[in-house]
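**Student:** need a structure here:
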Amino acid sequence: MTTTTRTATPPPRTGTPRASARPFGLVRHSLALAGRSLVKTIRTPEQLLDVTLQPVVFVLIFVYLLGGAVAGSQHEYLQFLLPAIMVQTVLFASIATGVSLNTDVEKGVFDRFRSLPIARSAPLVGSVVGDLVRFVVSIAVLLGFGYALGFRIGTDPLSALAACLLTIAFAFAVSWIGVLLGVLMRSPGAVQGTAFLLLFPLTFGTNMMVPTDTLPGWLQWWVGVNPVADVMEAARGLMIGGPVAGPVTRSLLWTVAIIAVFAPLAVRAYRRRA
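**Tutor:** Residues are numbered from 1 along each chain as shown. This is a model prediction of the structure:
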C-alpha cells in the first residue's frame, strides 16, 4: 500500500495589495478621488462663495479706501495691488482643503478609503488636487473684476499666465499645511481658526499694500524672509513689470521646500491616525 503525501498549497493572501506595486497606481487613485472632490464642489456651488466674493471685496475695500492715500491714483494702486491680492485670495482658498478633509475624517469617509486597495496617501493627494479648481475660479474672478475696474497687464499674456501658475503652485504647496492641520485637529472650526492665524501674518506682513521701503526696519526684515512676499513680488513682476528672476526663483524653491516637508508629515500623521 502506497501512501501519497500532498503538499498543501498556501491560501492566497487576502490583504490589501500595495498600490505601489501597480504602475501609476497612486496617480490613478489620486485623480479618481480628486474627481470626487470636484463633484462635491459642483453639487454644492455655494462652497465657491468665498473664492468668488472675497477677492471682489478685498479689491473694492483696498483700492477705494487706500488708493488715493497710498498711490495718489486709484488706477495706479489697482495695478500695484491686484497681483498681490491674487496671491492672498488663493492662499486663503487653500484653507478649505484642510477643513473639508477634517470633515470627511470626522464623518468616517476616510475609514472607507482605508478599506480600499489604494495607497494611503491617495485620499490626501486627491483632496489637494481636487481643490485646484477653487484656485482657478478665484484667479479668474479676480482678473475679470480687475479688468472691469481698469486693471491691465503690463507685460504679455504668457508672463501673466506664468504668474497665475506660480501662484497656484505655491497655494498647492501651502494646501499641504492645511492637510496636516486637517488630520491633526479635532474639528473643522479648529482647522480654519489655526490656518487663518498662520496665514494672516504671512499675507498681510508683506509689501502687498505698500512698497517695502515705506515699512519699519523690523517689518522690512520680515518681508525679506517671508515666502508669500516673494510670490507677490514675482506675480507683480510677471504681470505689470519689474524684477522677475530673483522672486520667481525664491518662490519656486519655497514651493518645493514646503511640499517636501509638509506632504510627508501629513501622510505620516494620517497613517498614525489610521
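**Student:** what's the burial count for Ala163?
**Tutor:** Residues lying near Ala163 (other Cβ atoms under 10 Å) number 26. From N, CA and C alone the C-beta is placed, and that goes for glycine too.
**Student:** correction: the previous question concerned Gly35.
**Tutor:** 13.
**Student:** what about it, distance to Ala140?
**Tutor:** 21 Å (Cβ to Cβ, to the nearest Å).
**Student:** what about this structure, any weak spots by pLDDT?
**Tutor:** Low-confidence segments of the chain (pLDDT under 70): 1-26, 41, 45-47, 109-111, 113-117, 120, 273-274.
**Student:** that one: helices as residue ranges?
**Tutor:** 25-43, 49-70, 74-93, 95-107, 109-114, 122-130, 132-149, 157-184, 188-204, 217-225, 227-240, 245-273 (DSSP state H).
**Student:** what residues sit buried inside the longest one?
**Tutor:** Pointing back at helix 245-273 there. 247-248, 250-252, 254-255, 258-259, 262-263, 265-267, 269-270 (16 or more other Cβ atoms under 10 Å).
**Student:** what is the nearest of those residues to His75?
**Tutor:** Relative to His75, the closest of the buried residues of helix 245-273 is Pro247; by Cβ to Cβ it sits at 23.9 Å.
**Student:** what about the closest residue to that closest one other than its chain neighbours, neighbour count?
**Tutor:** Nearest residue to Pro247, sequence neighbours excluded (Cβ to Cβ, 6 or more residues apart in numbering): Ala234, at 3.7 Å. Residues lying near Ala234 (other Cβ under 10 Å) number 28.
**Student:** just put the helices of the chain in JSON lines and tack on distance to Val210.
**Tutor:** As requested, the helices of the chain are exported to JSON lines (distance: least, Cβ to Cβ, whole Å):
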{"stretch": "helix 25-43", "distance to Val210": "35"}
{"stretch": "helix 49-70", "distance to Val210": "6"}
{"stretch": "helix 74-93", "distance to Val210": "9"}
{"stretch": "helix 95-107", "distance to Val210": "25"}
{"stretch": "helix 109-114", "distance to Val210": "43"}
{"stretch": "helix 122-130", "distance to Val210": "33"}
{"stretch": "helix 132-149", "distance to Val210": "19"}
{"stretch": "helix 157-184", "distance to Val210": "20"}
{"stretch": "helix 188-204", "distance to Val210": "11"}
{"stretch": "helix 217-225", "distance to Val210": "10"}
{"stretch": "helix 227-240", "distance to Val210": "12"}
{"stretch": "helix 245-273", "distance to Val210": "17"}
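**Student:** that older thread, you'd agree the residue nearest to Pro247 is up against Ala245?
**Tutor:** No: using Cβ atoms under 8 Å, Ala234 makes no contact with Ala245, being 9.3 Å away.
**Student:** how about the contacts made by the residue lying closest to Val90 once chain neighbours are set aside?
**Tutor:** Counting by Cβ to Cβ, 6+ apart, Ala171 is the residue found nearest to Val90 once chain neighbours are left out, at 4.5 Å. Listed by Cβ atoms under 8 Å, 6 or more residues apart in numbering, the contact set of Ala171 reads 90-91, 93-94, 135.
**Student:** tell me which of those is nearest to Val191?
**Tutor:** Looking across the contacts of Ala171 and measuring by Cβ to Cβ, the closest to Val191 is Ser94, at 11.7 Å.
**Student:** shouldn't the closest one be in contact with Trp176?
**Tutor:** No: using Cβ under 8 Å, Ser94 is not in contact with Trp176, being 9.1 Å away.
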